[in-house]
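**Q** Kindly generate the corresponding structure for this input.
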Amino acid sequence: MRSGRMRTILPERRRVWAEGASSVSHGHTPLIRPPRECYAGEQSHPPQVAVKEGEVDVVYQNMDRNTNEIFISVEELMAWVKSRALDNGYVVVTGRSKKKKGTDEVNKIWLLCDRGGKHNSTAILRRTGSKKIGCPFKLIGTYDIDSYGWKLQVRNDKHNHEPAQNLEGHPFVRRLSEQEHNMVRHLTEQHMEPRNILSIIKKQNPDNVSIPNDI
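**A** Predicted coordinates:
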């Protein structure tokens, strides 16, 4: 079980893509490397900060404002952010994205806490099962032509709610990756039972918290 204390992981120093940087095209999605578990530099453990701002009376810092990380693709940026958020007991989702004018290439995305915004009706709340409480946490990812990669901008690094002590039951955390979806499809075609498929997935990815109903 996670402790109530926040843990902030500082990003490593800016990666320099010495080879192949010029070959990374804006719209091309290269092979995505999985997020690394730790980054160079010392780790800091800032205390939780309580404030009073209207209805928001508890604020938890989650991200370092000064990240100079350069990501080779938007998928890598999103994987890094979501992994760091989960490490701290939060779930970050894609709020919206923007395409380059006249193309289908995405050049900007907004990443929000899954508890950001508010429900328009109680019917939506019952249907989705999520509790939106207007959490202000917001990050923006933009494609930078000069560095041939994506940069992350922290617009608001605070949450107005405590981190979750256990995220295993959260629908987002239980989602299968694209690779896992392909594995499920392949093994299902071989008439393998869902529980056995799930067992194989968990052996390959011990962090997977999916349940048989997700297969």
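**Q** And the next helix or strand past the lowest-mean-pLDDT helix or strand in the chain?
**A** Lowest on mean pLDDT, DSSP states H and E among the helices and strands of the chain sits helix 122-128, with a mean of 51. Remark: after helix 122-128, the chain's next helix or strand is strand 138-144, criterion DSSP states H and E.
**Q** and that next one, which residues are buried?
**A** Within strand 138-144, the residues scored as buried using 16 or more other Cβ atoms under 10 Å are Lys138, Leu139, Gly141, Tyr143. All C-beta spots, glycine's among them, are computed from the backbone N, C-alpha and C.
**Q** Reformat these into a markdown table and put pLDDT next to each item.
**A** As requested, the buried residues of strand 138-144 are exported to a markdown table (pLDDT from 0 to 100):
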| residue | pLDDT |
| --- | --- |
| Lys138 | 93 |
| Leu139 | 93 |
| Gly141 | 95 |
| Tyr143 | 95 |
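**Q** so which of those comes closest to Glu75?
**A** Gly141 (10.5 Å; Cβ to Cβ).
**Q** what's the spacing between the closest one and Phe71?
**A** Distance, Gly141 to Phe71, using Cβ to Cβ, to the nearest Å: 8 Å.
**Q** Domains in this structure, by residue range?
**A** 21-166, 174-215 (automatic domain parsing).
**Q** Average pLDDT for the shortest one, rounded please.
**A** So that's domain 174-215. Averaging pLDDT along domain 174-215 gives 81.
**Q** Doesn't Leu198 lie inside a strand?
**A** No - Leu198: not assigned to a strand; according to DSSP: H, G, I helix; E, B strand; the rest coil it is helix.
**Q** lowest-confidence stretch among the domains of the chain?
**A** Looking at the domains of the chain, the bottom one is domain 21-166 with a mean of 70.
**Q** Alright, I will stop here.
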